[in-house]
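Asker: This is a predicted model, with the sequence first.
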Amino acid sequence: MGRLGVTEILVILAIVLLLFGGKKIPELMKGLGNGIKEFKNASKEDQAVVKKEEETKE
């Protein structure tokens with residue numbers, strides 16, 4: 001029940017296209033991509049801080 005099949009994904013994409021229109025979707029995807037990139041960078045920085053703290057404890 002928790003898995004999405006191809007049909008469900010296509011229906012969701014069709015609804016998104018109808019709601020936002022073709023012109024807004026590239027802007028939404030660009031914003032989503034930037035958000036993911038910022039999240040990855042923040043997690044890398046956090047891991048670096050934790051690693052430095054572990055090295056200073058030793």
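Answerer: Arrived safely, thanks for sending. Numbering: from 1, shown residues only.

Asker: Please, where are all the helices along this protein?
Answerer: Assigned by DSSP state H, the helices in the chain fall at 6-57.

Asker: low-confidence ranges in the protein?
Answerer: Scanning the chain for pLDDT under 70 picks out 1, 58.

Asker: Geometric centre of it: which residue is closest?
Answerer: Geometric centre of the chain, nearest residue: residue 36, 4.1 Å, by C-alpha atoms, centre = their mean.

Asker: can you tell me how far that one sits from residue 49?
Answerer: 21 Å (C-beta to C-beta, to the nearest Å). Any C-beta I mention is one placed from the backbone N, CA and C, and that applies to glycine too.

Asker: same check, this time on residue 28
Answerer: From residue 28 to residue 49 the distance is 32 Å (C-beta to C-beta).

Asker: Then residue 40?
Answerer: 15 Å.

Asker: for residue 38, same thing?
Answerer: 17 Å.

Asker: now do residue 17
Answerer: For residue 17 relative to residue 49 (C-beta to C-beta), the value is 41 Å.

Asker: What of residue 23?
Answerer: 41 Å.

Asker: who has more neighbours, the two?
Answerer: residue 49 (10 against 7; other C-beta atoms under 10 Å).

Asker: And that one, how far from residue 27?
Answerer: Relative to residue 27, residue 49 is positioned 33 Å away (C-beta to C-beta).

Asker: Over to residue 18?
Answerer: From residue 18 to residue 27 the distance is 16 Å (C-beta to C-beta).

Asker: now residue 39
Answerer: For residue 39 relative to residue 27 (C-beta to C-beta), the value is 19 Å.
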